[in-house]
Each structure stands twice: as C-alpha cells, then as structure tokens.
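*Asks:* this one's sequence-less:
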C-alpha cells in the first residue's frame with residue numbers, strides 16, 4: 001500500500017535521513033522504532049510532504065505521491081496523528097473531530113462522528129468541552145479520532161505514548177489493535193520500542209537516519225541488540241554482563 005524508496009532528507013547541512021526504504025502492505029501494522037533524533041518524525045512528515053526531500057520517492061497504492069500536496073494526501077487516504085497530539089485547544093472536542101472530516105461530505109462526517117465516539121466514548125461524553133481541558137490520554141484519543149474522521153486507508157502515528165502514563169499507553173495501543181483488526185493499515189513510529197513491537201506485525205529500527213534492522217516484530221523484540229539499545233537499562237546491564 002505504501003512504499004518509500006531510497007529517501008534522503010536534510011535540514012541545512014544536517015542529513016536527517018539517508019537512503020531510507022520502508023514498505024507497508026495493506027492491512028499491516030508496522031512499527032518503526034528509534035531513539036530521539038533518529039529521524040522518525042522526519043520520515044512521516046516527508047511521506048505527508050510536509051517537508052521536502054533531496055532524493056527518493058513515495059508510492060501510495062502504486063501511484064507516485066512525492067509531489068502531491070499534504071491536503072491531497074489526506075484526500076487520497078493518508079492520515080497523520082502528529083507527535084504531541086496538537087489538538088485545537090480552544091475548540092471543542094466535537095469541533096476538533098469535525099475538522100478532521102473537513103474534506104468529506106456532510107452526511108459522511110455525521111456517520112463517521114458516530115463511529116469515532118463509539119470507539120472512544122469519552123469523546124462523546126466530552127463533546128462540548130474545550131480540547132485543551134482534556135487529559136493527555138484523552139487528547140491522544142482525540143487526535144486519533146480526528147485522523148479517523150478523514151476515513152483513512154492508512155494511519156500514520158507519531159510517538160503515541162509520549163508523555164502518557166503506562167496504563168494510558170496500554171489503553172491507546174489496545175484501541176490501535178482494534179483498528180488494525182478492523183482492517184486499517186497502520187505505520188507507527190515510536191521511541192517506546194517494547195510497546196510498539198508488542199502490537200505490531202513487522203518492524204524497522206532507525207538509527208541516525210538509517211534503517212539498520214528490519215523483520216518480524218516478535219523477532220526484533222527478542223533481538224539482544226534491540227533489547228540493549230532500546231528496551232531499557234535492565235536489558236543493557238544484562239547484555240553487558
């Protein structure tokens with residue numbers, strides 16, 4: 001469904017991505033893990049054509065989309081849940097959701113709104129509340145719901161666990177699991193490798209702007225080098241003994 005080929009992106013004199021190639025098949029849940037500054041957000045922003053590229057291409061459903069506007073990417077079925085959620089704080093929950101469906105027919109927006117609030121009941125309960133008053137977890141659900149309002153074929157997720165408590169992170173990922181099981185294609189980037197690989201089918205490891213490993217998520221989760229580098233101090237200490 002989505003194929004990124006030999007992508008190079010730089011900011012000024014800094015090379016952010018070097019020869020990055022990833023693909024996501026229809027119906028897959030793919031996680032790309034990496035430390036802070038590895039280039040994960042740059043990859044998603046490049047797919048959405050928010051940032052430009054030096055070299056490389058992106059194909060969506062077999063068609064080149066490297067020069068398609070960000071708005072048209074959404075129309076074609078690609079939705080991004082940005083890092084830090086970025087809800088419209090001074091707008092109500094309902095207004096935030098409606099913004100997500102601004103390119104859809106009015107009748108379709110109404111039906112989609114019902115679907116989203118059924119999946120995230122708290123959004124229905126807080127429909128008239130200002131989005132800025134929601135908790136971090138509720139804002140993350142709102143950001144996901146807003147993206148779903150565009151009826152995407154693929155959902156791009158940027159650091160969904162950022163700033164959330166462990167129980168809330170699990171709740172968010174369980175919702176993503178439901179979406180994946182319903183057939184929605186998901187490409188997710190995360191610094192929290194353990195949770196990202198637990199729920200995904202396949203994974204990539206991005207380090208200093210380069211893909212250094214890829215494979216089944218279960219295999220990456222069990223890889224000693226991945227454990228040492230990305231799964232916490234206790235794994236690093238065990239590996240170095």
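*Replies:* Good, I have the coordinates. Keep in mind the model is a prediction, meaning the values are calculated, not measured.
*Asks:* show me where the chain has strands.
*Replies:* For the chain, the strands defined by DSSP state E occupy 2-11, 14-24, 29-33, 55-60, 63-64, 78-81, 154-158, 185-190, 202-207, 210-216.
*Asks:* Dump those strands to CSV, plus mean pLDDT and mean neighbour count.
*Replies:* In this view, the C-beta of every residue, glycine as well, is placed from N, C-alpha and C. Output for the strands of the chain, formatted as CSV (pLDDT from 0 to 100; neighbours: other Cβ atoms under 10 Å):
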stretch, mean pLDDT, mean neighbour count
strand 2-11, 93, 18
strand 14-24, 94, 18
strand 29-33, 96, 26
strand 55-60, 92, 17
strand 63-64, 94, 10
strand 78-81, 95, 25
strand 154-158, 96, 24
strand 185-190, 96, 25
strand 202-207, 94, 22
strand 210-216, 94, 16
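*Asks:* of all the ones you listed, which lies closest to residue 99?
*Replies:* strand 78-81 (12.3 Å; Cβ to Cβ).
*Asks:* measure residue 137 to residue 85 for me?
*Replies:* 10 Å (Cβ to Cβ, to the nearest Å).
*Asks:* neighbour-wise, which of these two wins?
*Replies:* Neighbour comparison, residue 137 and residue 85: the larger count goes to residue 85, with 25 against 18 (by other Cβ atoms under 10 Å).
*Asks:* Name the nearest residue to residue 92, ignoring sequence neighbours.
*Replies:* residue 128 (5.4 Å; Cβ to Cβ, 6 or more residues apart in numbering).
*Asks:* ok, the one you found to residue 10 distance?
*Replies:* Look at residue 128 and residue 10: by Cβ to Cβ, they are 45 Å apart.
*Asks:* mind giving me JSON lines with the strands of the chain and columns for distance to residue 90?
*Replies:* Converted to JSON lines, those look like this (distance: least, Cβ to Cβ, whole Å):
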{"stretch": "strand 2-11", "distance to residue 90": "30"}
{"stretch": "strand 14-24", "distance to residue 90": "32"}
{"stretch": "strand 29-33", "distance to residue 90": "33"}
{"stretch": "strand 55-60", "distance to residue 90": "33"}
{"stretch": "strand 63-64", "distance to residue 90": "37"}
{"stretch": "strand 78-81", "distance to residue 90": "20"}
{"stretch": "strand 154-158", "distance to residue 90": "22"}
{"stretch": "strand 185-190", "distance to residue 90": "28"}
{"stretch": "strand 202-207", "distance to residue 90": "35"}
{"stretch": "strand 210-216", "distance to residue 90": "39"}
